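Visitor: what would the 3D arrangement of this be:
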Amino acid sequence: MRRGETIAESIEGALDLLELFSEGFDDSNRTSQAPGLPNHFAWTLGHCALAMHEVAHFIDDGPLPAQDFASPGKGNNCFVEEEIAFGSSPRDDADAFPGAQRCLEIHRRACDRLIKALRNASDQELDREVPWGVNSKAVGTIAQRMAIHTGMHIGQLIDLRRALGVAPLFMA
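Guide: Have a look, this model is predicted:
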């Protein structure tokens, strides 16, 4: 199996888990936060989607999709990049974020873009060093980290589900 395909499968697995643990979040609680927990549902999905698009851009050179990301003040059917970027602070403002189903759509579209880019990427493209944070990393390394990054945020969603009293998915 090609390396891009292997990484794409890990992104698919992370997507499946995130969608599973999204059950129970809806428009009434998508921006609810709990004491001691860092992020709400809408911020998490937007943040993860933005990261997926950033990595896909290294491979396909495509833009951030305007139908999913907008400038500040452009309504709540899109994410505003500044609201979800690394280092941003989520706020409980339902008017600033898309509805729960729209959050899921945007996140899925971002994952699909990265998965497609990875499946079409050559090893040379995956080995290419690009700026990442204060260092540079190989595109393939960054793409693999997207599955881990999503997994970390899934853990936060699981904690948030418990704190908000969302019914458990699994009973022991």
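Visitor: tell me the SS of the most centrally placed residue in the chain?
Guide: Centroid check for the chain by C-alpha atoms, centre = their mean gives residue 48 as the closest residue, at 1.6 Å. Three states are possible here, and by DSSP: H, G, I helix; E, B strand; the rest coil the one that applies to residue 48 is helix.
Visitor: distance of it from residue 170?
Guide: As defined by C-beta to C-beta, to the nearest Å, residue 48 lies at a distance of 22 Å from residue 170. Where C-beta positions appear, they are placed from N, C-alpha and C, glycine not excepted.
Visitor: from residue 97, how far out is the residue nearest to the centre of the chain?
Guide: Distance of residue 48 to residue 97, given as C-beta to C-beta: 14 Å.
Visitor: where does pLDDT dip in this protein?
Guide: Applying pLDDT under 70 to the chain picks out residues 73-76, 171-172.
Visitor: quick one: the helices in it, in order.
Guide: The residue ranges that make up the helices of the chain, judged by DSSP state H, are 3-21, 41-60, 81-84, 100-120, 123-127, 139-164.
Visitor: check which helices and strands the second one is in contact with.
Guide: Using 3 or more C-beta pairs under 8 Å, 6 or more residues apart in numbering; DSSP states H and E as the contact criterion, the elements in contact with helix 41-60 are helix 3-21, strand 79-80, helix 81-84, helix 100-120, helix 139-164.
Visitor: hey, which of those is tucked in deepest?
Guide: Scoring the helices and strands packed on helix 41-60 by mean neighbour count under mean count of other C-beta atoms under 10 Å gives strand 79-80 as the most buried, with a mean of 23.
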